[in-house]
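what shape does this take:
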Amino acid sequence: MKIVLIPGNSTGGSDSVPLVNALTLEDVTGQESLAKPGYFAAFAEGQAKWEIETLAKLEKNEDPKLPGNVVESIRVPLAKRSAAQRAVLLSHYFGMAPATADLRKQVDESRKRLSSVEKSIKTMLVTETEKPRMTRILPRGNWLDDSGEEVLPAVPAFLPKTKLREDDARANRLDLAKWIMDAENPLTSRAYVNRMWKLFFGTGLSSRLDDLGGQGEPPTHPDLLDWLATEFVQNDWDMKHIVRLLVTSGAYRQASVSNEKLDEIDAGNRLYSRQSRYRVDAEMVRDAALRISGLLVEQNGGSSAKPYQPAGYWKHLNFPKRKWSHDNGANQYRRGLYTFWCRTFLHPSMLAFDAPSREECSAERARSNTPQQALVLLNDPTFVEAARVFAERILQNGGNTDEARLDWAFDQALSREPSAEERSILLGLAKSQLGQYNADAEAAKQAATAGQWPAADVLKPEAVAAWSAVARAIMNLYETTSRF
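Numbering: from 1, shown residues only. Sure thing, here's the model as predicted:
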């Protein structure tokens with residue numbers, strides 16, 4: 001016998017749905033609230049007492065105010081009751097027994113939590129017409145002539161499996177989706193793994209991500225593309241499996257260092273004789289700065305984040321007029337993936353690093369290298385604040401000498417030591433900036449408190465401001481915003 005909870009009203013009523021269909025000793029002993037010594041016996045004794053009292057009222061022609069099925073079941077002698085009748089009585093008494101009050105309360109709270117979760121889930125509205133409109137081929141384009149052949153949903157006849165459904169029912173979008181993801185369709189898996197290869201190697205095995213057919217570029221390694229596509233399908237379209245396969249490969253783990261011979265034989269690195277180096281995408285540029293500074297919040301999912309944005313950037317948006325209010329607290333430091341995206345006015349720092357607008361589909365992003373990007377890295381409030389917080393970490397964790405602090409900063413940002421030239425330039429920058437800020441306490445205070453992240457009061461503002469300049473220089477390096 002088992003406790004089966006189903007939606008309904010446990011307090012009675014002629015058309016109420018029973019809260020419990022069946023109850024057994026084995027199931028109740030699995031509940032901590034019901035497993036107390038003697039509980040089941042006490043529950044059964046209470047039900048028996050309640051039935052006796054109810055029968056007495058019925059014999060006196062008193063209305064016990066019970067549903068008709070309960071009254072009908074209780075009039076049947078105990079030995080002659082069917083399983084359904086016993087379940088009806090047990091269910092009704094369970095919903096009113098004092099001994100089950102705590103359990104009913106837990107059930108109600110669980111239902112409320114479930115309802116809250118269900119309401120928070122955003123769903124997409126999908127409609128399907130009951131009777132789709134008939135579409136015909138129009139003879140000579142004459143829309144008044146309905147003698148043309150009827151056109152039904154299908155795929156081009158030259159492609160395999162042109163019939164989307166085995167029965168004669170009209171095909172819909174779900175049928176098309178199943179056809180696209182069919183294991184016999186080679187294009188879907190090939191297009192996906194080609195895109196994954198591009199993500200980790202800079203260029204796809206076929207460089208044309210938007211046209212993998214006969215009009216696109218043939219893959220440089222066709223057998224490899226076929227094998228990856230087959231591996232993807234045979235492993236139940238497991239994306240993580242393909243990612244793991246790529247990043248643990250010998251090709252991916254190569255250094256990006258080239259030489260004269262490689263430059264002559266494979267200038268574009270299409271043979272993947274070395275790893276590629278290129279600037280990361282717009283979202284990752286910001287993520288790198290937040291990660292280096294220690295500000296990055298790695299929360300997954302949730303609502304969009306609104307980082308700092310220039311005042312008045314949305315002033316030309318109408319219908320309705322909108323105003324940008326940046327987030328405060330942890331949401332300010334979430335990954336760039338969660339940045340609020342206005343289709344025609346995407347975030348300016350995203351725009352500077354070649355993020356596309358949402359006005360049209362973009363199969364592949366452009367990748368440029370412009371002076372504007374350097375200005376963003378030096379002056380955008382997000383990067384200025386990140387540099388300031390990074391400077392505080394340098395002063396707190398880098399040691400007692402400027403040389404040790406610079407070594408620590410390079411290790412955190414670039415995982416290497418600075419060269420002699422870099423050391424000379426950046427230590428000179430730190431020294432000159434410290435001299436300027438010692439002479440201007442107000443400017444030092446402003447630089448040492450940039451952004452909303454709480455400032456470290458134990459540090460001197462002049463030192464924080466000076467090392468913020470060094471941190472901004474490190475974050476502006478090509479090596480910081482690129483993968484090698």
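
retrieve the pLDDT associated with the residue lying closest to residue 280 once chain neighbours are set aside.
Nearest in space to residue 280, with sequence neighbours left out and distances taken as C-beta to C-beta, 6 or more residues apart in numbering, is residue 483 at 5.7 Å. In short, each C-beta sits where N, CA and C put it, glycine included. At residue 483, the pLDDT value in this model is 85.

so who does residue 483 touch?
276-278, 280 (C-beta atoms under 8 Å, 6 or more residues apart in numbering).

hey, what's it bridged with?
residue 278 (DSSP bridges).

among the contacts of residue 483, which ones are buried?
Using 16 or more other C-beta atoms under 10 Å as the burial test, the contacts of residue 483 include 276-277, 280 as buried.

of those residues, closest to residue 88?
Minimum distance to residue 88 across the buried ones among the contacts of residue 483 is 65.6 Å, recorded for residue 280 (C-beta to C-beta).

which residues does that closest one contact?
Residue 280 is in contact with 288, 481-483, counting by C-beta under 8 Å, 6+ apart.

also residue 350?
Contacts of residue 350 (C-beta under 8 Å, 6+ apart): 282-283, 336, 339.

still on that earlier bit, what would the buried ones among the contacts of residue 483 look like in a markdown table with distance to residue 422 and pLDDT?
Converted to a markdown table, the buried ones among the contacts of residue 483 look like this (distance: C-beta to C-beta, whole Å; pLDDT from 0 to 100):
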| residue | distance to residue 422 | pLDDT |
| --- | --- | --- |
| 276 | 24 | 90 |
| 277 | 18 | 88 |
| 280 | 21 | 92 |
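
distance to residue 65 added to the residues you listed, as CSV?
Shown next, in CSV, are the buried ones among the contacts of residue 483 (distance: C-beta to C-beta, whole Å):
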residue, distance to residue 65
276, 79
277, 80
280, 71
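
from those, pick the one nearest residue 173.
Nearest to residue 173 among those, with distances taken as C-beta to C-beta, is residue 280, at 35.3 Å.

would you map out the domains in this protein?
Using automatic domain parsing, the domains assigned to the chain come out as 25-120, 186-265, 277-484.

please work out which of those domains is packed deepest.
Highest mean neighbour count of these: domain 277-484, a mean of 16 (counted as mean count of other C-beta atoms under 10 Å).

check the offset of it from the chain's centre.
Averaging C-alpha positions (C-alpha atoms, centre = their mean, to the nearest Å) puts domain 277-484 23 Å from its chain's average.

right, and the secondary structure at the residue nearest the centre of the chain would be what?
Nearest to the geometric centre of the chain sits residue 301, at 4.4 Å (C-alpha atoms, centre = their mean). Residue 301 falls in the coil class when you classify it by DSSP: H, G, I helix; E, B strand; the rest coil.

same check on the one 10 residues further on?
Secondary structure for residue 311, judged by three-state DSSP, is coil.

against residue 70, how distant is it?
With the distance defined as C-beta to C-beta, to the nearest Å, residue 311 ends up 68 Å from residue 70.

with residue 270 instead?
Distance from residue 270 to residue 70, by C-beta to C-beta: 79 Å.

got it, and residue 130?
Using C-beta to C-beta, residue 130 is found at 42 Å from residue 70.

equivalent analysis for residue 459, please.
Per C-beta to C-beta, residue 459 is found 75 Å from residue 70.

kindly report the same for residue 213.
Computed as C-beta to C-beta, the residue 213 to residue 70 distance reads 69 Å.

residue 469 too?
Using C-beta to C-beta, one gets 81 Å for the distance from residue 469 to residue 70.

now do residue 97
Between residue 97 and residue 70 the distance is 14 Å, computed by C-beta to C-beta.

go on, residue 240?
Per C-beta to C-beta, residue 240 is found 54 Å from residue 70.

and residue 420, by the same measure?
From residue 420 to residue 70 the distance is 91 Å (C-beta to C-beta).

equivalent analysis for residue 462, please.
Relative to residue 70, residue 462 is positioned 82 Å away (C-beta to C-beta).

check residue 409 too.
77 Å.

wait, a helix at residue 70?
Yes - when three-state DSSP is applied, residue 70 is found to be in a helix.

show the pLDDT at residue 315.
Residue 315 carries a pLDDT value of 85.

now swap in residue 402 and tell me
Residue 402 is given a pLDDT of 94.

same check, this time on residue 208
87.

for residue 8, same thing?
33.

same question, residue 63
On the pLDDT scale, residue 63 gets 82.

can you give me phi and psi for it?
phi -80, psi 110 (degrees, to the nearest 10).

ok, it - contacts?
Contacts of residue 63 (C-beta under 8 Å, 6+ apart): residue 57.

for the residue of the chain most remote from its centre, give me the pLDDT.
Centroid-distance maximum for the chain: residue 60 at 65.4 Å, with C-alpha atoms, centre = their mean. We have a pLDDT of 85 for residue 60.

contacts for stretch 261-272?
Here stretch 261-272 has contacts from 201-203, 220, 251, 254, 258, 273-274, 276, using C-beta under 8 Å, 6+ apart.

what helix or strand is residue 393 on?
Secondary structure assignment for residue 393, by DSSP states H and E: helix 381-397.

packing partners of that helix?
With contacts defined as 3 or more C-beta pairs under 8 Å, 6 or more residues apart in numbering; DSSP states H and E, helix 381-397 has these neighbours: helix 282-293, helix 371-379, helix 402-414, helix 461-475.
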